[in-house]
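Engineer: need coordinates for the following:
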Amino acid sequence: MNKSISILAGTISFALFLISLIGIAGPQEDTAKFQQYFFNRFPNVPKSEFINGSYAIDKIGRENWEAIEEFPPYELLVDIGKELWETPFANGKTYTSCFPEGPAQRKNYPYWDNKRNMVVTMELAINDCRIANGEKPLKYGKGQLAQISAYMSFASRGQTIKVPLPNSPKALAAYEDGKQFWLQRRGQLNFSCANCHAQNAGRRLRSNILSPAIGHATSFPVYRSKWGNLGTLHRRFSGCNAQVRAKPFKLQGEKYRNLEYFLTIMANGLTFNGPSSRP
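Structural biologist: Here you go, the predicted structure:
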């Protein structure tokens, strides 16, 4: 009986949460409601812990994860990313020519570019830098781009997420597009991001515990045992789409960039802690 009451209460809470997000209150109000939903759902988890994904709520899994993080599988790949960052382009310049503040740039992304009328992510900026210096862009999702991103993320650990709220109609439209993507059911399984990572956050899907959405933008790139290498946030978006049997979108295309924009704004006030390891 108590279990049934708990399930019913959770269903009602999720329904009210969806109703609040479907409204047009705006990004600031959305962020407060989004974060409060997870604070209420996991009242014993400190806000700062949500950057650790499912390990914020899975005590047994966390012990294993902390042991892995003592000698992280991505450590060598971060070193490779550092070498790539410091290696001059054919014109003699390096990535510092585009990122004058150095590699600790995670705090500046994603952002709305008023000149280009689009969301710019850190991975997109890495390839923009290469193109501006006469180099070919790297493939998105994994490989060298993920390694450079991992090095930059490692250098940015502890930076507070402070994505400026949309200040123009076009920026707000991109934010709303990302929000609608997160809420929309898709694929043959008819699941949305919200169904898995809000409604069912903390529950098991096969051997894994579904992580709360509040921390999804904080810890990438991640080294997944399933992949055997590093992958970016957009690679994970693509994998989620495939898991619900929906056609994935283009990595660093408008849909995934807008989704990253929305999710990062929802994490404002948390800190970046990438790269990380996941199953």
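
Engineer: element containing the spatially closest residue to Gln28 that is not a sequence neighbour?
Structural biologist: Closest residue to Gln28 apart from its sequence neighbours, by C-beta to C-beta, 6 or more residues apart in numbering: Leu165 at 5.9 Å. C-beta: built from backbone N, CA, C; applies to glycine. Per DSSP states H and E: Leu165 is located in neither a helix nor a strand.

Engineer: touching, Leu165 and Pro27? I think so.
Structural biologist: Yes. At 4.7 Å, Leu165 counts as touching Pro27 under the criterion of C-beta atoms under 8 Å.

Engineer: ok so, going back, relative to Phe262, how far out is the residue nearest to Gln28?
Structural biologist: According to C-beta to C-beta, to the nearest Å, Leu165 and Phe262 sit 12 Å apart.

Engineer: contacts only, for Arg130.
Structural biologist: By C-beta atoms under 8 Å, 6 or more residues apart in numbering, the contact list for Arg130 reads 89, 136-138.

Engineer: by neighbours, which of those wins?
Structural biologist: The most crowded member of the contacts of Arg130, judged by other C-beta atoms under 10 Å, is Leu138 (19 neighbours).

Engineer: so the residue nearest the centre of the chain, which of the three states?
Structural biologist: Central residue of the chain (C-alpha atoms, centre = their mean): Ala217, 2.5 Å from the mean position. When classified by DSSP: H, G, I helix; E, B strand; the rest coil, Ala217 comes out as coil.

Engineer: run through the helices of the stretch 151-279 of the chain in chain order.
Structural biologist: In the stretch 151-279 of the chain, the helices defined using DSSP state H, counting those that start in this stretch lie at 169-183, 193-194, 233-243, 254-266.

Engineer: winner for burial among those?
Structural biologist: Per-stretch averages of neighbours, counted by mean count of other C-beta atoms under 10 Å, single out helix 254-266 among the helices of the stretch 151-279 of the chain, with a mean of 24.

Engineer: now do it: which elements does it pack against?
Structural biologist: Packing partners of helix 254-266 (3 or more C-beta pairs under 8 Å, 6 or more residues apart in numbering; DSSP states H and E): helix 27-41, strand 118-120, helix 169-183, helix 233-243.

Engineer: and the shortest one, what's its mean pLDDT?
Structural biologist: In this model, strand 118-120 carries a mean pLDDT of 98.

Engineer: just to revisit the earlier point, what's the separation between the residue nearest to Gln28 and Leu124?
Structural biologist: Using C-beta to C-beta, Leu165 is found at 20 Å from Leu124.

Engineer: more neighbours: these two, which one.
Structural biologist: Each of Leu165 and Leu124 has its neighbours counted (other C-beta under 10 Å); Leu124 has more, 22 against 16.

Engineer: give me the neighbour count for the residue nearest to that one when sequence neighbours are not counted.
Structural biologist: Ranked by C-beta to C-beta, 6+ apart and with sequence neighbours excluded, the top spatial neighbour of Leu124 is Gln252, at 5.3 Å. Neighbourhood size, Gln252 [other C-beta under 10 Å]: 21.

Engineer: I'd say Gln252 and Lys139 touch.
Structural biologist: No. Applying C-beta under 8 Å, one finds Gln252 not in contact with Lys139, separated by 10.2 Å.

Engineer: and Ala104, what does it touch?
Structural biologist: Ala104 neighbours (C-beta under 8 Å, 6+ apart): 152, 155-156, 159.

Engineer: again, only this time at 6 Å
Structural biologist: The contact partners of Ala104, by C-beta atoms under 6 Å, 6 or more residues apart in numbering, come to 155-156.
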